[in-house]
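>>> how does the following fold in three dimensions:
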Amino acid sequence: MKQIGSLLLLLALLLSGCGGVSKEEYDAMVQERDALLAEAELQELQAQEASPNTVTVKVTGEFTATVRELIPDYVTDYETPRMAVATLFQSTPFTIYTGELTKHLEAGETYVFEVEMSRYDIITRQEYESGTLLNPEAAFSMYPSLYISNFRPAEESDCGLDSVHLAYEACET
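As a prediction, this is how the structure comes out:
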């Protein structure tokens, strides 16, 4: 029993004396690891962008919708309305973040909303060909980079079946 205890003590002393990497060496290795990880991530993103199965796009245009209700976004606070529950002509309700513009909107009124994208997004070729981003109901829930840049009250000619005028701007990467 004493021999096993002695062996364990000897083993512990040997192992504690091994290794010992200096702080400078450790920091250099961590920095090198981080650089390699960042490079690998960048290469992966570039490969995705260059993939024939994806398209880099920016959406612009406008659509006509009726504001059904103004609600808070529940992230910043529970009282200040910053979102609009809206419906396109004969569609189901969807929410759009209107931010500071919300104070100028009225529930029950119909507006023409101008759409912009804060950055280019990478979408699949299937989404591009099917026109998913051209449907405000789907686009605002799927792409947070879409936002309402401006609005105006809708006129008679803005309403009806032809009330969505969104377009892609494809970007070469």
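>>> you'd agree residue 44 is in a helix?
Yes - Residue 44: assigned to a helix according to DSSP: H, G, I helix; E, B strand; the rest coil.
>>> name the element the most centrally placed residue in the chain belongs to?
Most central in the chain under CA atoms, centre = their mean is residue 144, positioned 4.6 Å from the mean C-alpha point. Counting by DSSP states H and E, no helix or strand carries residue 144.
>>> measure it to residue 68 for me?
Plainly put, residue 144 is 21 Å away from residue 68 if you go by CB to CB, to the nearest Å. (Glycine included, C-beta is placed from N, CA and C.)
>>> again, but for residue 120
31 Å.
>>> relative to residue 159, how far out is the residue nearest to the centre of the chain?
Distance of residue 144 to residue 159, given as CB to CB: 28 Å.
>>> how about the helices in the protein?
Secondary structure of the chain (DSSP state H): helices at 2-17, 23-50, 125-130, 136-142.
>>> buried stuff in the third one?
What that stands for is helix 125-130. Buried residues in helix 125-130, counting neighbours by 16 or more other CB atoms under 10 Å, are found at 127, 128.
>>> report the buried residues of the strand ranked longest in the chain.
As assigned by DSSP state E, the longest strand anywhere in the chain is strand 54-72. Going by neighbour count (16+ other CB under 10 Å), the buried part of strand 54-72 is 54-59, 61-67, 70-71.
>>> parallel or antiparallel, which strands does it pair with?
strand 81-87 (antiparallel), strand 110-117 (antiparallel), strand 121-124 (antiparallel), strand 164-170 (antiparallel) (DSSP bridges).
>>> as TSV, those with distance to residue 97, mean pLDDT and mean neighbour count would be great.
Supplementary listing: these in TSV, determined by distance: least, CB to CB, whole Å; pLDDT from 0 to 100; neighbours: other CB atoms under 10 Å:
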stretch	distance to residue 97	mean pLDDT	mean neighbour count
strand 81-87	5	87	19
strand 110-117	11	89	20
strand 121-124	16	77	17
strand 164-170	16	78	15
